[in-house]
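*Asks:* got a predicted structure plus its sequence, pasted below:
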Amino acid sequence: MRIDVWSDVVCPWCYVGKRRLDAALAGFAARDAVSVSWRAFELDPSAPRVRDPSVSYAQRLARKYGKSLAEAEAMVQRMTAVGAADGLDFHFERARSGNTFDAHRVLQMAAGRGRQDAVGERFFRGYFSEGEAIGEPDALARLAADAGLDGAEVRAMLAGDGWKDAVRADEAEAADLGIHGVPFFVIAGKHAISGAQAAPVLLEALERAWAEEAESGSKSALS
């Protein structure tokens, strides 16, 4: 059974959603029969490769949502607490945001080598906990190497056009599905779940989809 997850590596709710999906899968009896595909979604396709480091994460939030700086800082504190409850160590004061298109290209490359989940996890941790510049090719290559890819191969790919079409195809499919926010989960091609739902909610959806797949298979065998 396949799970498709549209996500962006600078989205804190996507990191929370990944951790909750991990927890749901850990409690799912048929875990070994499940494959997870991380699909590309850019929250801000117009972002520069590296944003102005003099502008804090809270300041960017305030500008984006029309909030005061105090309100934005409170949002950051709440998000940090949410992450901590799921075992994540958010350090938004270190975040070095930027364009994520190249990160998605690397994730597409990683999928073909069976390392997509590991690379995605490393990108999340690098960005949200360690202050890595997620838009810089050197940082992406180094983080991907930490997760099992060949760093030189990643650098060479990023210097060209590799995997660009695959990223655009993911984004086009997201548009066709009407996806406007992430994370967005599609289980077995038909069960859609929007947002970082709690692990029990995701587990229930997995079990329902699995039961439907089993029932469909039984009916096909009898026909």
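*Replies:* Cool, got the structure. Residues are numbered from 1 along each chain as shown.
*Asks:* wait, isn't residue 57 in contact with residue 76?
*Replies:* Yes - between residue 57 and residue 76 there is a contact under CB atoms under 8 Å: 6.3 Å. Placement of C-beta: from N, CA and C, glycine included.
*Asks:* can you pull the contacts of residue 47?
*Replies:* 97-100, 135 (CB atoms under 8 Å, 6 or more residues apart in numbering).
*Asks:* change it to 10 Å
*Replies:* Contacts for residue 47 (CB atoms under 10 Å, 6 or more residues apart in numbering) come out as 10, 97-101, 135.
*Asks:* rewinding a little: need the residues touching each of residue 57 and residue 76.
*Replies:* 12, 90, 92-93, 95.
*Asks:* looking at those residues, state which has the most neighbours.
*Replies:* Neighbour counts for the shared contacts of residue 57 and residue 76 (other CB atoms under 10 Å) peak at residue 95, which has 24 neighbours.
*Asks:* isn't residue 94 up against residue 80?
*Replies:* No - the pair residue 94 / residue 80 is not scored as a contact, 11.9 Å apart, by CB atoms under 10 Å.
*Asks:* compare these two (neighbour count), which wins?
*Replies:* Comparing residue 94 with residue 80 by other CB under 10 Å, the one with more neighbours is residue 80, at 18 against 13.
*Asks:* so that one, which state does it fall into?
*Replies:* Recorded secondary structure, residue 80: helix (DSSP: H, G, I helix; E, B strand; the rest coil).
*Asks:* neighbours around residue 102, how many?
*Replies:* Neighbour tally, residue 102, other CB under 10 Å: 23.
*Asks:* what average pLDDT does the host helix or strand of it get?
*Replies:* Here residue 102 sits within helix 101-111, counting by DSSP states H and E. Across helix 101-111, the average pLDDT comes to 98.
*Asks:* show me the shaky parts of the chain.
*Replies:* 217-223 (pLDDT under 70).
*Asks:* 50 instead, please
*Replies:* 220-223 (pLDDT under 50).
*Asks:* what's in contact with the lengthiest helix in the chain?
*Replies:* Determined from DSSP state H, the single longest helix within the chain is helix 199-222. Contact partners of helix 199-222, identified using CB under 10 Å, 6+ apart, comprise 1-3, 17, 19-31, 33-34, 86, 185-193, 195-198.
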